[in-house]
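> next comes the sequence, and after it the predicted model I'd like to discuss.
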Amino acid sequence: MKMRGATVDDIDAIISLIQQNNSENKNHKNREDPNLIKKTIESKDGYISVLEGEATEDQGSKAGKLIGVMIGYHKKFLSNKEFNSDKIVQHLLKNIQYDFVYTDILVVSKEQQGKQYGRMLMLSFLDDTKKNTIIAAAALSPHKNKDSLKLFDGFRFTKEDEITVYDGLTFGIFEYDN
C-alpha cells in the first residue's frame, strides 16, 4: 500500500471511487465534477490523499489501483461556488467563526473495506492538516453512517452540533482539535 497526495492523473479513479460508494448521497454529486477535483488538487487549501494498492503483474511498472481517497477543504476553499448549494457547508461557514479544515469525503473501495484503510487515510489527513481544527459531518438519522461515527469516535472527535437537511436527514457536526 502507498499513501500519497492525489495528482490530476488520479481524477477518473477518484470519481469512480466516489460514485461506487456514495451513489445515494445527493450531497456529493457535485464532488464528482472533474474540475472541482482538479481545483482541489492544485489548491494549497484543498487536501486529497489517495491510498494506492500494489501494482499487479499485468500493470507492469505502472502504479497500483486506487483503493481509497480522503478529501478535505480549508475553510477558505469552501467559499468557492461549487459549495453554494451544500447546506452543511453553508451551516459551517455561518456558524464557525474560527479557522478549520472540513473532511468531506473518505471512501475505501467496497472490496477493501474492513482492513483499516479508512483509519490510514484519516491518520494521513490529520498529519497533513496539523495545527488545524478538523470539522466533519456524519448522518445520524434516519440513516446512521455507522462507519464514519465509529471512525470519529476512535479518533476522539466530539459532536458539537446537529443539522437537519436534505429531506429530513440529521447530521452530526464533529470536531477534532489537531
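Everything's here; your move.
> low-scoring stretches of the chain, by residue?
22-29, 55-63 (pLDDT under 70).
> can you give me the helices in it?
11-21, 34-42, 87-95, 117-128, 146-154 (DSSP state H).
> so which bits of the fourth one are buried?
By neighbour count on 16 or more other C-beta atoms under 10 Å, the buried set for helix 117-128 is 117-118, 120-122, 124-126, 128. (Each C-beta comes from the backbone N, C-alpha and C, glycine too.)
> with stretch 40-51 instead?
In stretch 40-51, counting by 16+ other C-beta under 10 Å, buried: 40-41, 45-51.
> follow-up on the earlier one: JSON lines for the helices of the chain, including distance to Met70?
Listed next are the helices of the chain as JSON lines, based on distance: least, C-beta to C-beta, whole Å:
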{"stretch": "helix 11-21", "distance to Met70": "10"}
{"stretch": "helix 34-42", "distance to Met70": "11"}
{"stretch": "helix 87-95", "distance to Met70": "17"}
{"stretch": "helix 117-128", "distance to Met70": "4"}
{"stretch": "helix 146-154", "distance to Met70": "11"}
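> quick check: which of the ones you listed is nearest to Glu162?
Closest to Glu162 of those is helix 87-95 (C-beta to C-beta; 10.1 Å).
> point to the residue nearest the middle of the protein.
Ile105 (2.0 Å; C-alpha atoms, centre = their mean).
> partners of the residue lying closest to that one once chain neighbours are set aside in the sheet?
Of all residues beyond its chain neighbours, the one nearest Ile105 is Ile71 (4.2 Å), with distances taken as C-beta to C-beta, 6 or more residues apart in numbering. Beta bridges link Ile71 to Ile48, Ile105, judged by DSSP bridges.
> returning to what we had before: can you give me the separation between the residue nearest to the centre of the chain and Ser148?
10 Å (C-beta to C-beta, to the nearest Å).
> ok, Thr129 next?
Taking C-beta to C-beta, one finds Thr129 at 17 Å from Ser148.
> again, but for Ser16
From Ser16 to Ser148 the distance is 20 Å (C-beta to C-beta).
> next: Met122.
10 Å.
> shared neighbours, the two?
Taking C-beta atoms under 8 Å, 6 or more residues apart in numbering as the contact rule, Met122 and Ser148 both touch Leu106.
> which of the helices of the chain sits closest to Phe171?
helix 87-95 (6.1 Å).
> the residue nearest to Ile105 contacts Tyr47, doesn't it?
Yes: at 6.9 Å, Ile71 counts as touching Tyr47 under the criterion of C-beta atoms under 8 Å.
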